[in-house]
Every structure is written in structure tokens, then in C-alpha cells.
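Novice: Everything below, folded, please.
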Amino acid sequence: MDDYILRMEKISKTFGENVKALEAVSLNAKRGEVHALLGENGAGKSTLMKILSGAYRQDSGRIFIDGREVSFHNTRDATHGGVGIVFQELNLVSTLTAVENAFLGRLETNRFGMVDWKRLREKFLHFMKSIDFEINPDIPVSDLSIADKQMVEIAKALLLKSKILIMDEPTATLTSEEIKKLFVIIGDLKKSGVTIIYISHKLEEVFQICDRVTVLRDGRYISTQEVADTNKAKLIEQMVGRSVDVEFPPRECCAGDTVLEIGGLFTPGFLSDISFNLRRGEILGIAGLVGSGRTEIARAIFGADKIEKGSFKLNGHTVKIASTMDAKRFSIGLLPEDRKDEGLAVDYSVARNISITNLNKISNHIWLNRKKELAESEKLVKRLSIKTPSVNQKLSNLSGGNQQKVVLAKWLFNDADILILDEPTRGIDVGAKYEIYLLMNELVKQGKAIIMISSELPEIFALSDRILVMYEGRMRACLDNGEGLKPEEVMRFALG
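Specialist: Numbering: from 1, shown residues only. Here you go, the predicted structure:
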């Protein structure tokens, strides 16, 4: 029997205005291995996997599974061919329940031809119990947190019992404990002969669970090697085409006068008595476990969630923030945790996504100045190194990391004084992360104020001047990020 369950040979794919996403890329995966697929944003990883899962059709190249050439016309074909995928951008129907999403397109019926919901609920609950995770099967997906949605996405793929399972950034929204549970599941799948293609920008995960690794760069194949025969520095150099000596840029505190004061913030069921201040020229990091209230603070300040009690002072003056329009008027911008549903209009062009927050800047209040819109957008695309052939390119054709940069670009276009960045580097490669870190440092030097929410403690420590720690909707501490502060102290507060 061939050791390679999967062979993808010289796969090429072009999008839109001559966007060459893949050029003669090959990937071979062994039976029962965890095979990492690495590369910068826009390297072609997700495109290659969408071709394997039937979401896209390759322009040229061949795919073999179990030695037999296959041609998938859609995701249903791929599912029947034994290929499952956990997408980086959650692929759920928000109006349906968790169990309906988990079995979408493959509902089982009883002897009367009716959907056997009792059996499907039992299967769903049994799976969730096996990974020590609790989700009400009948809750609408729209009411779930990002982390819970991610687990429904994972359940949907794992319940297929696929021969080849693609995981595209599966841990991006999970806590450390949830990640440990997922790794146990991956270990069990591997023992049962399932092949896992694992895409992640967290290189420590690659060394923890993967057997071999393939690197892509700019839509081309670079290398395949045993994980045991390489190291982090070598992989980064192959991914970005140059050596990256440091992970974080040096931090220089530029904190000045208080720009924002939050007093007694209360939202039913989420936040209780949150009070803190934000200074001009500082990065205030917010740490805590998923569900601790970090995102709810961001949404409350941005006027996206209704607050029952609490006050806001902007530059010493009491203001009312009851809507996102209020926040925007007070020069507050939000990069949301869920960029796809809350931060972008993926069917619009790059230029329109950038300009949409401040149309007055490119209009005479009656007509839009299209030429000015394109010129301003091109400046920001260049400044943020956004990989796109044109600012007229449809946003859905960009990689997830470049879409994230577009969200940042639109608030830079709006010239927001206060930026709230919720997981700003989620799903971003190491090279792009460094660019975003440099941009954040540049913005605070200009006198902007940044609130940064991150699940990665090293990121919080490397970039923040102060660290606000959340636990179960309450602020447990606000700590100066000096030399004496240890990660264990932050975690102690984060665990209550």
C-alpha cells in the first residue's frame, strides 16, 4: 500500500485580475500523519486546501487520494471522497442551531423519513462530552462566542469521520485548556490512521504535534521536511524569504495625558463595575481567558453593546456613547475579533472597505471623488504592505491576514485617535505580525491611544505599557508592565 494517502501534483490557481494564488505547488501527505502547511498570509495555503476540499477548482494539476486520481466539483464531492475541513473563517449558518450546523447537509432520518433530531443531538452531545466541552445543541449559533463557534466548526468536521482532515488555524480562538483537548483529539485521530493537514501561524504548535512540514511562499512550493530536522528560525526564514532575528520590536513608553476614562461600566450578564483610564501614547493590554469579558469591554466602548450603567470621559469631558456612530464621531475605532462578519464588507473592493468609515474625506457631500478614493487607498495599501494586485480587487479574494490589514487601514483612513484592537494578529503570519507591531508603536508615538486585547501573553507583555486583567466580567487588576511583572502573576489574576 502506498504510504502517501494524498498526492497533490503541480497545482495552479489564478483569481480575478491575474492574481496567481498558486503556481505548480505539490504536497504529499502520509497516512496517519499530522502534516503542517506553513507560509505567510497570501502564500497560498488556504487556496490549496480549498481546492482539496472542493471549494475551488484548480486551473491545472492533479490530485490523488489512496492512489486514485480524484476531481472534486464541490465540497459535497470532497466529503464523499473522505476529505473534511475546519475553515479559518468560520463557515456556519448563524440562524441555525449548533446541532443543525454540525450535521448540515447530512441530516439522518428515522424509519418514517423524518429527521431524527434525537439521534443527532445524542451524537453531538456524545462528541462534546468526549472532548470535555459543553455546548447546548439547540442554541442558535448567533448566540455563541467565537470560541464556541470554533468548536462547532471542529465538531462538524470531526463527525464526518474523514480520512483526510484539514485544520486551518483551528486554535486561533481557543483557550490553552481547549487547545490541549484538541491536541488529544488530534493524537487519537492520528492513531486511528486519519491524516491531518495542519495550518497554523503558531510555530510552537507545529513542533508540538506535527510530523512533517511543507512551506509555501508567494504561491510557490519551497520545501518539505521532518519537523525533527528543522527549527523555528529556519522555518521563518523559508516562509518570509529572509531571516527574522526578533519576534517583537523594542517598546518605548510614550504615555501622556489621560484621553479616556471609563467609570463603573455595567452590561447585564457580561460586565460588572469596570473602571479604568487610557492615556494618550500608550498601549493598554487586556488579558484574560476567553469569555472573561475582554471583547465585551471593546464592544461597550465602541457603542456596539448597550450598557446599563457607566460613564465615559473623553479628554476630561463627559460624553455619551450609545452607538457605533457616537464612537466614530468621538474618533474611536474598533478592529473586531470577528473580522469577517463585523469588520469587513467582503463583496466590496479593497478601496471601498478602506474609505467606508470616512466618506466625507473623499466627497463633496454629494458625489464621491473616485480618483481620490483610489489614491488614498493605494497609500494605505503601500504603508501596510497589503498584498493585492489592485485596490479595485474584491476583498474576498485576499488572504485572511491581508483582510485583517484592510480593517486596520480603514481606521487609519478615518484617523481615529483611540484604536481598540481585538486579537489584531489572529491568523497573521510572523512577518505580518512584526509589521503590525511596528505600526502600533508608530501610532502611539504619534499620540494615538491603543487598547489591545490578546489571548497570547507574550504579545501582551511585549507591547503593553499596562495590563488590565479580566475574570468573569470583572476587572481583577491593572498592572504596570515593568521588569518585575511575571506572566504567572497575570495568569493568577486571570484565573480568579
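Novice: Averaged pLDDT, the helix or strand containing Lys371. What do you get?
Specialist: Using DSSP states H and E, Lys371 sits in helix 370-383. Helix 370-383 comes out with an average pLDDT of 92.
Novice: between whatever helix or strand comes next after that helix and helix 370-383, how many degrees?
Specialist: Per DSSP H and E, the first helix or strand lying C-terminal to helix 370-383 is helix 400-413. Comparing the axes of helix 400-413 and helix 370-383 via axes from the mean of the first three to the mean of the last three Cα atoms, to 10 degrees yields an angle of 120 degrees.
Novice: tell me the mean pLDDT for helix 400-413?
Specialist: 86.
Novice: from the chain's centre, how far out does that helix sit?
Specialist: Here helix 400-413 is found 13 Å from its chain centre; the criterion is Cα atoms, centre = their mean, to the nearest Å.
Novice: With stretch 263-276 instead?
Specialist: Using Cα atoms, centre = their mean, the offset of stretch 263-276 from its chain centre is 26 Å.
Novice: pLDDT below threshold where in the stretch 151-300 of the chain?
Specialist: 242-246 (pLDDT under 70).
Novice: where along it do the helices fall?
Specialist: 176-191, 203-209, 232-240, 294-301 (DSSP state H, counting those that start in this stretch).
Novice: from the ones you listed, which stretch is densest packed?
Specialist: helix 294-301 (a mean of 24; mean count of other Cβ atoms under 10 Å). C-beta coordinates here come from the backbone N, C-alpha and C atoms, glycine included.
Novice: for the record, mean pLDDT for the helix or strand following it?
Specialist: As assigned by DSSP H and E, the chain's next helix or strand after helix 294-301 is strand 309-314. Summarised as a single mean, pLDDT over strand 309-314 is 93.
Novice: quick one: average confidence on the next helix or strand after strand 309-314?
Specialist: Sequence order places strand 317-319 as the next helix or strand after strand 309-314, per DSSP H and E. Mean pLDDT, computed over strand 317-319, is 94.
Novice: I'd like to know which elements the very next helix or strand once past strand 317-319 is packed against.
Specialist: Sequence-wise, the next helix or strand downstream of strand 317-319 (DSSP H and E) is helix 324-329. Judged by 3 or more Cβ pairs under 8 Å, 6 or more residues apart in numbering; DSSP states H and E, helix 324-329 is in contact with strand 332-335.
Novice: Counting by contacts, list what the strand it packs on packs against.
Specialist: helix 294-301, helix 324-329, helix 400-413, strand 418-422.
Novice: export the last one as PDB, just CAs?
Specialist: Taking only C-alpha atoms (Å, rounded to 0.1, in the frame of the first residue of the first chain), the coordinates of strand 418-422 have been written out as PDB:
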ATOM      1  CA  ILE A 418      -8.400  55.800  20.000                       C
ATOM      2  CA  LEU A 419      -7.900  52.300  18.500                       C
ATOM      3  CA  ILE A 420      -9.400  49.200  20.100                       C
ATOM      4  CA  LEU A 421      -7.600  46.100  18.600                       C
ATOM      5  CA  ASP A 422      -9.300  42.800  19.500                       C
END
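Novice: Can you give me the neighbour number for Ala287?
Specialist: 29 (other Cβ atoms under 10 Å).
Novice: follow-up on the earlier one: can you redo the helices of the stretch 151-300 of the chain as CSV with distance to Gln393?
Specialist: Output for the helices of the stretch 151-300 of the chain, formatted as CSV (distance: least, Cβ to Cβ, whole Å):
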stretch, distance to Gln393
helix 176-191, 34
helix 203-209, 29
helix 232-240, 22
helix 294-301, 29
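Novice: so where do the helices sit in the stretch 1-150 of the chain?
Specialist: Using DSSP H, counting those that start in this stretch, helices in the stretch 1-150 of the chain cover 45-52, 75-80, 98-102, 117-130, 146-158.
Novice: Pipe the ones you listed into a markdown table and attach distance to Arg383 and mean neighbour count per row.
Specialist: What follows is these, written out as a markdown table (distance: least, Cβ to Cβ, whole Å; neighbours: other Cβ atoms under 10 Å):
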| stretch | distance to Arg383 | mean neighbour count |
| --- | --- | --- |
| helix 45-52 | 25 | 26 |
| helix 75-80 | 37 | 16 |
| helix 98-102 | 39 | 24 |
| helix 117-130 | 44 | 16 |
| helix 146-158 | 29 | 22 |
